[in-house]
Each structure stands twice: as structure tokens, then as C-alpha cells.
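Chemist: the sequence and its predicted three-dimensional model are supplied below.
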Amino acid sequence: MQNTLLVGLSKQMVLERQMDVVANNIANVGTTGYKADRSLFQEYLASNAHEDNFVSPDRRISFVQDRATIHDFSQGPSQETKNPLDVAIDGAGFLVVQTPGGERYTRDGNLQINNQGQLVNSSGFPVLGDSGPIVFQQTDKEISIAADGNVTVLEGIGRIDSVRGKLRMVSFAQAQRLLKEGSNLYAAGEANAPAPDTKSQLRQGFIEKSNVNSVTEMSRMIEITRTYTQIAALLQQQSDLHKSAIDKLADVPA
């Protein structure tokens with residue numbers, strides 16, 4: 001196969017992966033605490049022939065390689081909800097939730113209370129405090145979540161101020177190693193243990209919206225589509241040219 005076809009095919013494969021990333025970002029524009037993904041590319045140089053077989057060195061071919069997908073952990077805009085169970089994280093911290101697969105981490109602060117009185121995330125998984133799940137009593141009123149994560153309530157008729165726990169916040173030295181698992185949750189990944197986060201703060205009555213810029217992502221989608229179409233047209237032209245050359249070479253004069 002000619003070099004032009006190989007280079008074009010490598011670019012189309014990368015564009016297909018990039019389109020998947022952009023489409024997933026657009027689908028999560030309205031997801032609380034969602035962090036966008038970005039594609040990372042690099043040049044891959046290769047030669048189909050050995051230089052010692054030619055009088056002059058063989059020219060290297062430049063391909064496109066999809067190196068990795070990285071997370072964009074920039075802060076998303078905050079939206080006030082006035083819901084006392086909603087919290088937005090200011091900083092690089094994550095809330096910790098307990099799932100059947102172990103501890104997972106999220107920026108989604110849209111919290112609720114289940115029928116067992118546990119504080120849970122939007123998927124129903126218990127949100128962990130420093131001493132385990134945070135549990136409320138039926139007589140608890142006026143839930144307050146402080147900036148450092150302390151959860152207090154007014155309990156009973158006597159309106160006694162009681163502590164129900166402290167939300168556990170963690171951060172990661174190598175946040176790019178976090179693995180997205182769906183439901184707005186991250187797994188720590190290999191050799192990437194969480195550390196207590198004392199710098200991040202919580203804002204009660206707010207949620208952090210997705211950091212996806214819908215206009216930018218739509219522009220990227222259009223750009224990817226146009227580029228893919230242009231390469232497809234180029235590959236078709238090269239294929240037609242190759243076919244025409246073969247037909248002419250095979251046309252032996254009578």
C-alpha cells in the first residue's frame with residue numbers, strides 16, 4: 001500500500017478516537033462535577049525500507065499516533081441550589097464513596113439521604129466520612145456542612161447541636177492516573193494512593209457544574225468531521241490514481 005494511504009489511514013484512526021472523546025464530553029455537558037477529556041497526539045516516524053540498501057538514505061514517513069487521553073481537571077463553574085445537601089468543592093479534592101468494587105472518588109456533590117439515613121451520592125453509594133458512612137437520625141434538622149467537611153445538625157426538640165461526621169476529602173499526586181469508571185466516579189489506578197486533602201473547601205448549597213465548554217466542543221466536532229471527510233477524499237483520489245496507473249500499464253499495444 002502506498003505511503004499516502006498509510007498516513008491517511010493513521011490520521012483517520014486518530015480522528016475516530018478523538019470524535020469519541022469529544023462526543024462523550026458533549027454528552028456530559030449537564031453532568032454535575034464532570035471533567036472533560038482531551039486527546040494527546042504525537043508524531044510517529046517510520047521507514048518501510050532499510051537505509052543500508054540504498055545509495056541515499058531512505059526518507060522517513062511521518063504518521064499520526066493517538067498517544068493518550070488526559071483529564072482536564074480545571075474547576076467548573078458553581079451553581080447555587082440552596083439545597084443543604086449539595087456541596088461544591090473548591091480545590092483539587094474529591095469526595096470518597098463506597099461502592100461494591102471498593103472506594104471510588106467523585107467531584108459530584110449532588111448528595112442525598114437514603115431510606116437508611118445514610119448520606120449517599122446520586123448513584124446511591126454511601127459518601128464516606130473520616131469514620132465511615134455518615135448517618136442521620138429521623139429527628140435531625142437543619143443540616144450544616146462546613147467548609148472543612150464537618151457535618152452538624154440540630155437534633156430533637158431541644159435543638160442540640162450534634163456532629164454527624166466529617167466528609168472525607170482526598171487528592172492525588174498523580175491525578176492523571178485516575179481511571180473513569182462511569183457514574184461520574186474515578187478509580188485510583190495503579191500506584192496512585194489518595195492522600196488527605198486539607199486545602200480544598202466545600203461550599204454548601206452549591207454544585208460544581210461540568211467544565212465542558214459546549215461551544216468549543218461542537219467546534220471541535222465540526223473540525224474533526226471536515227478533516228475526516230477531506231482525508232477520505234484524498235485517499236479516494238490516490239486509490240483512483242493507482243488504479244488508473246495499473247490499467248494503463250496493463251494496456252499492452254496490439
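Modeler: Yep, that arrived. Residues are numbered from 1 along each chain as shown.

Chemist: for Lys35, give me the pLDDT.
Modeler: For Lys35, the model assigns a pLDDT of 95.

Chemist: same question, Ala250
Modeler: Per-residue pLDDT puts Ala250 at 69.

Chemist: Glu103 reaches Pro126, doesn't it?
Modeler: No: checked against CB atoms under 8 Å, the pair Glu103 and Pro126 is beyond contact range at 10.5 Å. Quick note: C-beta positions are derived from backbone N, CA and C, even for glycine.

Chemist: okay, now the unreliable bits of the protein?
Modeler: Across the chain, residues meeting the criterion (pLDDT under 70) sit at 1-3, 41-67, 156-160, 250, 252-254.

Chemist: which stretches of it form helices?
Modeler: 3-27, 214-250 (DSSP state H).

Chemist: more crowded one of Glu103 and Pro126?
Modeler: Taking other CB atoms under 10 Å, Glu103 and Pro126 do not tie; Pro126 has more neighbours (19 against 16).

Chemist: mind listing what the more buried one touches?
Modeler: Residues in contact with Pro126, defined by CB atoms under 8 Å, 6 or more residues apart in numbering, are 97-98, 118-120, 133-134.

Chemist: who does it form a beta bridge with?
Modeler: Counting by DSSP bridges, Pro126 is bridged to Val120.

Chemist: any idea how far it lies from Asn114?
Modeler: Pro126 is 8 Å from Asn114, where distance means CB to CB, to the nearest Å.

Chemist: give the residues shared as contacts by these two.
Modeler: By CB under 8 Å, 6+ apart, the residues touching both Pro126 and Asn114 are Val120.

Chemist: could you chop this structure up by domain?
Modeler: Split into domains by automatic domain parsing, the chain comes to 3-73+212-250, 78-208.

Chemist: out of these, deepest packed?
Modeler: domain 78-208 (a mean of 17; mean count of other CB atoms under 10 Å).

Chemist: and that one, end to end?
Modeler: One end of domain 78-208 sits 5 Å from the other (CA to CA, to the nearest Å).

Chemist: quick one, phi psi at the residue nearest to Gly76 when sequence neighbours are not counted?
Modeler: Distance criterion CB to CB, 6 or more residues apart in numbering; nearest residue to Gly76, sequence neighbours excluded, is Asn211 at 3.8 Å. Note on Asn211: its backbone torsions stand at phi -90, psi 10 [degrees, to the nearest 10].

Chemist: ranges for the strands of the stretch 1-150 of the chain?
Modeler: Per DSSP state E, counting those that start in this stretch, the stretch 1-150 of the chain carries strands over the ranges 37-46, 61-71, 78-80, 87-90, 94-99, 102-106, 112-113, 119-120, 128-129, 132-133, 140-145, 150-155.

Chemist: I'd like those strands laid out as a markdown table, including distance to Gln201.
Modeler: Listed next are these as a markdown table, based on distance: least, CB to CB, whole Å:
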| stretch | distance to Gln201 |
| --- | --- |
| strand 37-46 | 26 |
| strand 61-71 | 21 |
| strand 78-80 | 12 |
| strand 87-90 | 5 |
| strand 94-99 | 13 |
| strand 102-106 | 17 |
| strand 112-113 | 22 |
| strand 119-120 | 18 |
| strand 128-129 | 16 |
| strand 132-133 | 22 |
| strand 140-145 | 11 |
| strand 150-155 | 12 |
